[in-house]
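J.: coordinates for the following, if possible.
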Amino acid sequence: MNRIDEISFVIRNASEKTLKKKADFLYYEALTEFRKENYKTAEELVKKININEMLEKRQPAAMKLQGDLYHYKKDYSAAFEAYKLQNKHVKDSLEYKKQGSEKHFIQQREKVVQIEQLQK
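T.: Residues are numbered from 1 along each chain as shown. Below is the predicted model of the structure:
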């Protein structure tokens with residue numbers, strides 16, 4: 001619903017009431033500041049995040065946010081490295097491996113070859 005001001009209050013309030021998953025709350029707070037275009041604040045919050053303390057499923061999003069911050073600062077090589085790390089993290093995840101993604105891509109390549117042969 002894009003009610004960013006309201007979510008800031010909810011995040012801070014929830015974060016104060018629990019000792020668990022502080023890194024996840026920092027991520028959401030940083031994401032909110034990024035969406036508000038408060039890039040300096042978002043960057044300071046991202047620096048405080050210990051990615052290993054986050055839920056596994058949320059880690060790639062935090063890596064993307066880091067890349068987006070680098071991109072905003074026009075540090076494109078650092079942004080590329082952050083996105084590359086994000087992709088590696090996803091590909092190394094158990095969830096990705098369960099999906100048989102490599103098999104799917106091989107099947108798609110085979111279909112492309114078949115289409116090309118039919119066109120000839």
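
J.: tell me the contacts of the most centrally placed residue in the chain?
T.: Centroid-nearest residue in the chain: Ala61, 1.7 Å away (criterion: CA atoms, centre = their mean). When contacts are counted by CB atoms under 8 Å, 6 or more residues apart in numbering, Ala61 touches 27, 31. For every residue, glycine as well, the C-beta is placed using N, CA and C.

J.: what's the average pLDDT for the helix or strand hosting it?
T.: Assigned by DSSP states H and E, Ala61 belongs to helix 59-72. Averaging pLDDT along helix 59-72 yields 96.

J.: where is the longest helix in the chain?
T.: Counting by DSSP state H, the longest helix found in the chain is helix 101-119.

J.: what are the contacting residues of that helix?
T.: Contacts with helix 101-119, where a contact means CB under 8 Å, 6+ apart, come from Lys91.

J.: pull out the buried residues from stretch 67-78.
T.: Neighbour-count burial for stretch 67-78, with 16 or more other CB atoms under 10 Å as criterion, is recorded at 67-70.

J.: what's the closest of those residues to Lys47?
T.: Of all the buried residues of stretch 67-78, Lys47 sits closest to Leu69, with 9.7 Å by CB to CB.

J.: you'd agree the closest one is up against Lys40?
T.: No - using CB atoms under 8 Å, Leu69 is not in contact with Lys40, being 9.7 Å away.

J.: overlap in contacts of those two?
T.: Joint contacts of Leu69 and Lys40 (CB under 8 Å, 6+ apart) do not exist.

J.: just checking, next helix/strand downstream of the worst-scoring helix or strand of the chain on mean pLDDT?
T.: When each helix and strand of the chain is scored by mean pLDDT, DSSP states H and E, helix 4-16 comes last, with a mean of 69. Helices and strands here follow DSSP H and E; after helix 4-16, the next one along the chain is helix 22-35.
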